[in-house]
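# can't give you the sequence, but here's the structure:
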């Protein structure tokens, strides 16, 4: 399973929208779409990475591809 697939699956299982994820990470919605379609790997500041992990109940290790 790719990182994008993991992100999308977890987001959907938690009933979250891409906009909610984008706002939590302080990025635009198209960035989240790019992550989920594996066009880009999340390149976030530590606070943004923590927000993503907290929102999706991931650890940093879960995000390692």
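Cool, got the structure. In this text the structure is predicted, and so the values were computed from the model without any measurement.

# Now find how far off-centre the helix or strand hosting residue 9 is within its chain.
Residue 9 belongs to helix 3-13 when assigned by DSSP states H and E. Relative to its parent chain, helix 3-13 has a centroid offset of 8 Å by C-alpha atoms, centre = their mean, to the nearest Å.

# Check stretch 19-27 too.
Chain-centre distance of stretch 19-27: 9 Å, with C-alpha atoms, centre = their mean.

# And the contacts of that stretch?
The contact list for stretch 19-27, computed with C-beta atoms under 8 Å, 6 or more residues apart in numbering, reads 7, 11, 28-29, 31-32, 42, 44, 48, 51-52, 54-56. Where C-beta positions appear, they are placed from N, C-alpha and C, glycine not excepted.

# Apply the buried test to these and list what passes.
By neighbour count, with 16 or more other C-beta atoms under 10 Å, these hold 7, 11, 31, 32, 42, 44, 51, 52, 55, 56 as buried.

# which SS state does residue 39 fall under?
Put simply, residue 39 is coil when judged by DSSP: H, G, I helix; E, B strand; the rest coil.

# show me the contacts for the closest residue in space to residue 41 that isn't next to it in sequence.
Spatially, and ignoring its direct neighbours in sequence, residue 41 is nearest to residue 3 (6.6 Å; C-beta to C-beta, 6 or more residues apart in numbering). With contacts defined as C-beta under 8 Å, 6+ apart, residue 3 is in contact with 35, 38, 41, 42, 63, 65.

# Likewise for residue 52?
With contacts defined as C-beta under 8 Å, 6+ apart, residue 52 is in contact with 21, 24, 25, 42, 44, 58, 63.
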